[in-house]
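*Asks:* Task: produce atomic coordinates for the following.
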Amino acid sequence: MTNLRQILYAWRDQKAAKRGVELFRILPNNALDEIVRSLPRTKEELTAIKGIKDAKYREFGKTIFAMVDEHMSHQSSVTGHQQSQATSYKSQKDTRSDIKNQSPMSDLVSVAPEETAYSVSTYLDIVNRELYRLHARVVGEVTSIKFQGSAVYVGLKDAEDESALSVFMWARDYTLAGVEIAEGMAVAVEGRSEVYKPSGRLNFRAETIELVGEGALKKTYDALKKKLDGEGLFAPEKKRPMPEYPERIGLITSKQGAVIHDFLNNLGKFGFKVQFADSRVEGAVAVKEILAAINYFSKQEIDTLVIIRGGGSLESLQAFNNERVVRAIAVFPQPVICAIGHDKDVPLAQLAADHAPSTPTATTTLLNQSWEEGRHAVRSFMKDIVGLYQNEVWLKKDELRTLDDGLRNDFARITELFTTIFRQFDTTLFLVQKALTKEIETLRQRSAELVTAYGQHLKEVARGLSDMSRLLQFHNPLRQLRLGYSILSKAGKVVRSTKDLPVGTHFEARLFDGTIEAESVTGHQSSVAS
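*Replies:* Numbers count the residues shown, from 1 in each chain. Just a heads-up that it's a prediction; the model follows:
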């Protein structure tokens, strides 16, 4: 399994170096380890591994399956060979137990009895598998340094017995370390050893490199400080003020340190929203994690970035004197607060930051300040408002008291006026009633007189009408008709003369009890006295 892991890691490193990206951009370590553990053979098995989705499968799936298949084929051949040697191995197992317990190479001894013969390639694979387990930090003096393409080759020697070690390092990791080494310098490298199969040479594959010794570190610190200062990275006019009321905070520190607890315990209860990125803050490897955290927060919606760690020596603070870290802080889109404990020399990261309080507690004071001032201002405003309100209330109370007195006086005058008016009204009403009583009595008398006079008048009218009725009866034409007279008419007109009735004329004769039609047959005219 270790051999497959080494192959996968080497393949991943080459891909990342070729593309110039971070290792995790290709595949993260946990994904590689899971491939080694589960040995996926299908798309479903591979994409079930965290960190490998469809895009990664399309890009790397065939290559990963090929490496897994090759590994499993190799394992099968080794297993078959080992089974053929089982009896010999068993007889020697006990005699090798002490060696197995004492040496990291014990696995090689336990699976390789004297009678077993390996090819050079297989043997080196087994050796490299065991060497991969020996992660170490090695200190030595630089004897040579060579840059070749994307790789850096460094020669180290032991100061006491001249022992030598060849170191291989990817150029991107060397640049990320932010150091410029030269022959004679003391450095520390971290990584693992391997035998380079084409040459059979042992190399130490370094992941990080850093200077050792206060003198060299101070010299490098001063040189980088002078360079960056000359570029204006530390200029006061570039410092940005704190947001008026910061709410969203990006925090970079180690979750293992005590400073995070100091920071959170002293941060005021003002509704801060803290996003935390766990990062190592000591050693060369911390540079990658700090840069990754800064890059992450540069894409988040935060008001300010906070970077904190406890005190330390110049050597332990190398990550905060790294040029790439310092430049990342200088160009960060939001204000940066950097609180790094130190002995004498201020870390360059603090010089590049917008604000550099001395401790995490001082950092929280800076973050709390505007909110504390705001709270104090609100309390002061509340006190002023209450005072103004009380004064206004007293003024209005005096005005209301004056108005109340005025209203009471006016009401008394109005009440007195109404009393007078009512009294005058009662007097007037009494006089009116008295006058009305008198008038009513007068009207009653006049009404009686009118009734008497009207009765007499009606009697006189009745007598006159009776006389007229007798007169009308006397002159009524019907009375004449009753006495034997008649009324002649022709064509609706009264006949007054015989001349109006020539012979043969039709006419009507109205008698007392009806009308008859007649025709004149003869006629003569008599003389009538005029």
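
*Asks:* residue ranges of the strands in the chain, please?
*Replies:* Assigned by DSSP state E, the strands in the chain fall at 136-148, 151-157, 164-170, 186-196, 201-211, 248-253, 273-278, 304-309, 336-340, 487-490, 493-494, 506-511, 514-519.

*Asks:* and residue 377, how far is that from residue 387?
*Replies:* 15 Å (CB to CB, to the nearest Å). C-betas here are computed from N, CA, C, even on glycine.

*Asks:* can you check residue 146 too?
*Replies:* Using CB to CB, one obtains 79 Å as the distance from residue 146 to residue 387.

*Asks:* on that earlier part again, can I get the strands of the chain in CSV including mean neighbour count and mean pLDDT?
*Replies:* Shown next, in CSV, are the strands of the chain (neighbours: other CB atoms under 10 Å; pLDDT from 0 to 100):
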stretch, mean neighbour count, mean pLDDT
strand 136-148, 14, 91
strand 151-157, 18, 93
strand 164-170, 18, 92
strand 186-196, 19, 90
strand 201-211, 20, 90
strand 248-253, 23, 95
strand 273-278, 15, 93
strand 304-309, 27, 94
strand 336-340, 26, 93
strand 487-490, 14, 88
strand 493-494, 10, 88
strand 506-511, 15, 89
strand 514-519, 10, 90
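
*Asks:* Quick one, which of those gets closest to residue 66.
*Replies:* strand 186-196 (21.5 Å; CB to CB).

*Asks:* Let me see the residues that make contact with that closest one.
*Replies:* With contact meaning CB atoms under 8 Å, 6 or more residues apart in numbering, strand 186-196 is reached by 6, 124, 127-128, 131-132, 134-142, 154, 156, 159, 167, 169, 179, 181, 201-213, 216, 283-285.

*Asks:* Check the burial of residue 72 by counting its neighbours.
*Replies:* Residue 72 has 12 neighbours, counted by other CB atoms under 10 Å.

*Asks:* List the contacts of it.
*Replies:* residue 39.

*Asks:* re the thing from before, closest to residue 239 out of the strands of the chain?
*Replies:* strand 336-340 (9.7 Å).

*Asks:* just checking, what packs against the closest one?
*Replies:* strand 304-309, helix 348-352, helix 360-475 (3 or more CB pairs under 8 Å, 6 or more residues apart in numbering; DSSP states H and E).

*Asks:* so which of these is the most packed in?
*Replies:* Across those, the average number of neighbours (mean count of other CB atoms under 10 Å) peaks for strand 304-309, which reaches a mean of 27.

*Asks:* Point out the other helices and strands that it packs with.
*Replies:* Using 3+ CB pairs under 8 Å, 6+ apart: strand 304-309 touches strand 248-253, helix 259-266, helix 286-298, strand 336-340, helix 360-475.

*Asks:* and those as a markdown table, adding distance to residue 228?
*Replies:* Compiled in a markdown table, the helices and strands packed on strand 304-309 are given as follows (distance: least, CB to CB, whole Å):
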| stretch | distance to residue 228 |
| --- | --- |
| strand 248-253 | 20 |
| helix 259-266 | 25 |
| helix 286-298 | 16 |
| strand 336-340 | 14 |
| helix 360-475 | 23 |
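
*Asks:* out of these, nearest to residue 36?
*Replies:* helix 286-298 (22.8 Å).

*Asks:* So which residues lie in contact with that closest one, not counting its own?
*Replies:* Contacts of helix 286-298 from elsewhere in the structure, counted by CB under 8 Å, 6+ apart, are 22, 176-178, 208, 250, 252, 275, 277, 279-281, 305, 307, 319-320, 322, 324-325, 328-329, 332-333.

*Asks:* Could you rerun that using 7 Å?
*Replies:* Here helix 286-298 makes contact (CB atoms under 7 Å, 6 or more residues apart in numbering) with 176-178, 250, 252, 277, 279-280, 305, 319, 322, 324-325, 328-329, 332-333.

*Asks:* Repeat that for stretch 275-284.
*Replies:* 177, 190, 208-210, 250-255, 286, 289-290, 293, 296-297, 300, 302, 309, 312, 316, 318-319.

*Asks:* Equivalent analysis for stretch 137-151, please.
*Replies:* With CB under 7 Å, 6+ apart, stretch 137-151 has contacts from 17, 153-159, 165, 168, 170-171, 181-190, 204, 212.

*Asks:* how about 6 Å then?
*Replies:* 17, 153-157, 159, 171, 181, 183, 185-190, 212 (CB atoms under 6 Å, 6 or more residues apart in numbering).
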